[in-house]
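Student: pasting the sequence and the predicted model now:
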Amino acid sequence: MSSLAAPVFPTDLTSPLAHARVGLDSCVHCGFCLQACPTYLALADENDSPRGRLVLMRAALEGRVALDDPDVSTHLSRCLGCRGCESACPSGVPYGHLLEVARETLAAMRPLPILARFILWIFARPSALRVALWFARLARDTGIAAELARLPGSLGFPFAMLASTARNATPAWTPRAAATRATVATLDGCVMEGLFAEVNRATERVLAANGYALRAAPGQQCCGALHVHAGDAETARRLARTNIAAFEASGAEFVASNSAGCGAMMKEYGQLLANDPAWRERARAFGARVRDASELLAAAGPREGAPIRRRITYDAPCHLEHAQKLSAPPLKVLAAIPELELVPLEDREQCCGSAGIFNLIEPGVSQRVLAAKMDCIAATGAPIVATGNPGCLMQIGAGLVRDGRGAVARHPIELLDESYAAAER
C-alpha cells in the first residue's frame, strides 16, 4: 500500500467520512473487536479487522494514504458490515455508520464493481426487480436451480441459494383474534415478497392472531439497505423518502419488518436523512415506529400454538442481534410453540457470510465465513435452522442444500404460523 500519498479527497469536512470523524476518534484500538470479526477470524489479517479498517479510514482522511489506493478499497470491501464489533466494543464506536460513509466517500472516486452496480440498479427499480424475481422463481420452481446448485464452488452457490427458498404451502387458516392492539403496516420487502411470499403471508397471519390490525402501505419500495451498505447512499435516500411517504399514508402506528437487515435500515432512516431539512424529522419519527415482527409478537405474548415435535437451532441475524440489539424476541416467538426442542448453537451471534450482496461480490471470503457457521450447525444435529433474515435464510439454506444432510433453514415466524395452523385444525 502506498504511504505518504497526497490526499485525493479534500479533508476539510467535504467528504461523508470527514463528517463522521468524531465517531472515528472514539476508537482506542483496544482489540476487543478482533474476535467478534468474522473476516479477521477467517483471514487473520489486521487490515481485515474493524480496528485495522478504522486505521485505514483515518489514514485516508488525514492524507497518509490515497483514497484511491486499491488496498484501501480491498480491505473496506471485504467487510461484511455485520456490526458484531459494535456489540464487543467498550468505547461505543459506531463502526457500521463509519463503514457506510467510508464506502460512500470511496464510491465518489472509484466506481463499484459492475456486478454490484447491476444488482443495485435492479433493486432500485420495481419493474426491473419484478422481472428478475419472476425469472428467479421460474428457475426455482422448475427445478433448474436445484440442478445447477450441483456446479462446483461459487458457480453453483447462487443457484443453491435460490433452491433453498422453495417452500411447501402452509395449510390455510384464518386468524380469529380481535384487533385489540395497535395498527401495523408490514414491509413487503424485495427478496421477501419475491422469493419468500409465504413467509410474508405467515407474518400477516400471526400478527393478526395476536391482536394487531393490519394496514396496507401501497407504493413502498426497496428499503435501501443494499445501496447504503455498498456506498450508494444517494439512491438509498431516494428510496427512504418514498417509503416514509408510503407508510405515513397508511396511518399505521407501527411498521413491521420480518427482515432483520431491512428493519435495521428503516430504524436508521433518521441518520440517513439527517442532512435533509425537509425530511429529517419525518425520517426520525418514522424510524421510531419501525419494529421487527418478533418485537411486536413478543410484546403480545405471543399466544401459544399447537405442539410441534421438532428439533431446531436458532442462528441470530447480525442486523437483529448487533444493529437492532434484539436477542430475546425471536426466542419468545419460538418459545410459544409447545414441545419444540431448541438446541443451542455455538457462535450463533457470528455472521454467516451473506451480508446483502457480499456473497455474490466477495464469494471467496463469504464461503470461508460460512464454513465456520456450517460446522457449528452440523454439531447441533438439528434438521431445522431458524433465522429471521432473507439473506441468512438463503446463505445458510444454500450451505444446507449443498451438504446433503436434508436440513433446512426456516424463519421463526414460519414455525409459529405452522403451530397456529395446527391449532386451528
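Tutor: Sure, I can see it. Residues are numbered from 1 along each chain as shown.
Student: tell me the contacts of the residue lying closest to Glu424 once chain neighbours are set aside?
Tutor: Spatial nearest neighbour of Glu424, excluding adjacent residues (Cβ to Cβ, 6 or more residues apart in numbering): Trp173 at 4.2 Å. Yep, even glycine has a C-beta here, placed from its N, CA and C like the rest. Residues counted as contacts of Trp173 (Cβ atoms under 8 Å, 6 or more residues apart in numbering) are Arg205, Tyr420, Ala421, Glu424, Arg425.
Student: which among these end up buried?
Tutor: Among the contacts of Trp173, those classed as buried by neighbour count (16 or more other Cβ atoms under 10 Å) are Arg205, Tyr420, Ala421.
Student: what helix or strand does the most centrally placed residue in the chain sit in?
Tutor: Closest to where the C-alpha atoms of the chain average out (Cα atoms, centre = their mean) is Gly261, at 2.8 Å. Using DSSP states H and E, Gly261 falls within helix 260-267.
Student: related to what we said a few turns ago, and the residue nearest to the centre of the chain, how close does it get to Gly143?
Tutor: Taking Cβ to Cβ, to the nearest Å as the criterion, Gly261 is separated from Gly143 by 29 Å.
Student: which residues does the following helix or strand past the helix holding Gly261 contact?
Tutor: Downstream of helix 260-267, the next assigned helix or strand under DSSP H and E is helix 269-272. For helix 269-272, the external contacting residues (Cβ under 8 Å, 6+ apart) are 97, 224, 228, 233, 236-237, 240, 243-244, 265, 280, 283-284, 286-287.
Student: ok, stretch 111-118 next?
Tutor: In this structure, residues lying in contact with stretch 111-118 by Cβ under 8 Å, 6+ apart are Leu120, Ala230, Gly231, Asp232, Ile357, Leu360, Ile361.
Student: so how far is stretch 310-328 off the chain centroid?
Tutor: 11 Å (Cα atoms, centre = their mean, to the nearest Å).
Student: quick one on the thing from earlier: and the residue nearest to Glu424, backbone torsions?
Tutor: The phi/psi pair for Trp173 (degrees, to the nearest 10) reads phi -150, psi 160.
Student: follow-up on the earlier one: Thr387 is in contact with the residue nearest to the centre of the chain, correct?
Tutor: No: Gly261 lies out of contact with Thr387 (Cβ atoms under 8 Å); the separation is 11.7 Å.
Student: got any residues that touch both of these two?
Tutor: Contacts common to Gly261 and Thr387, judged by Cβ under 8 Å, 6+ apart, are Pro317.
Student: show me what the helix or strand of the chain with the lowest mean pLDDT is packed up against.
Tutor: Least confident helix or strand, the chain: helix 16-19 with a mean of 75, by mean pLDDT, DSSP states H and E. Using 3 or more Cβ pairs under 8 Å, 6 or more residues apart in numbering; DSSP states H and E as the contact test, the elements touching helix 16-19 are helix 50-61, helix 95-107.
Student: report the buried residues of that helix.
Tutor: Pro16, Leu17, Ala18.
Student: measure the first one to Met109 for me?
Tutor: Spatial separation of Pro16 from Met109 under the definition Cβ to Cβ is 12 Å.
Student: and for the last one?
Tutor: Here the distance between Ala18 and Met109 works out to 14 Å (Cβ to Cβ).
Student: send the alpha carbons of stretch 336-354 over as CSV?
Tutor: Extracted in CSV, the C-alpha atoms of stretch 336-354 (Å, rounded to 0.1, in the frame of the first residue of the first chain):
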residue,chain,number,x,y,z
ALA,A,336,-44.7,-20.1,22.0
ILE,A,337,-44.5,-23.4,20.2
PRO,A,338,-45.0,-26.3,22.7
GLU,A,339,-42.7,-29.3,22.5
LEU,A,340,-40.3,-27.6,20.1
GLU,A,341,-36.8,-28.6,21.1
LEU,A,342,-34.3,-25.7,20.8
VAL,A,343,-30.7,-26.8,20.6
PRO,A,344,-28.1,-24.0,21.5
LEU,A,345,-25.9,-23.0,18.5
GLU,A,346,-22.3,-22.2,19.3
ASP,A,347,-21.3,-18.7,18.0
ARG,A,348,-24.9,-18.0,17.0
GLU,A,349,-24.1,-14.3,17.0
GLN,A,350,-21.3,-14.7,14.4
CYS,A,351,-22.1,-13.7,10.8
CYS,A,352,-23.0,-16.4,8.3
GLY,A,353,-21.2,-14.6,5.4
SER,A,354,-24.3,-13.4,3.5
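Student: next one: it to chain centre, how far?
Tutor: 17 Å.
Student: follow-up on the earlier one: could I get the buried residues of helix 16-19 in JSON lines, plus columns for distance to Ala300?
Tutor: JSON lines is the format used below for those (distance: Cβ to Cβ, whole Å):
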{"residue": "Pro16", "distance to Ala300": "40"}
{"residue": "Leu17", "distance to Ala300": "42"}
{"residue": "Ala18", "distance to Ala300": "45"}
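Student: and of those, the nearest to Pro38?
Tutor: Leu17 (23.3 Å; Cβ to Cβ).
Student: quick check: the closest one touching Leu61?
Tutor: Yes: applying Cβ under 8 Å, one finds Leu17 in contact with Leu61, separated by 5.7 Å.
Student: what's the domain layout of this protein?
Tutor: 16-107, 160-168+303-424, 183-297 (automatic domain parsing).
Student: this protein: strands as residue ranges?
Tutor: Using DSSP state E, the strands of the chain run over residues 183-186, 213-215, 254-257, 290-292, 311-314, 341-343, 384-386, 408-410.
Student: ok, residues contacting the last one?
Tutor: Spelled out, it's strand 408-410. By Cβ under 8 Å, 6+ apart, strand 408-410 touches 164, 312, 383-387, 392-394, 396-397, 400.
Student: let's go with 10 Å and repeat that
Tutor: 164-167, 199, 310, 312, 315, 352, 377, 383-388, 392-401, 418 (Cβ atoms under 10 Å, 6 or more residues apart in numbering).
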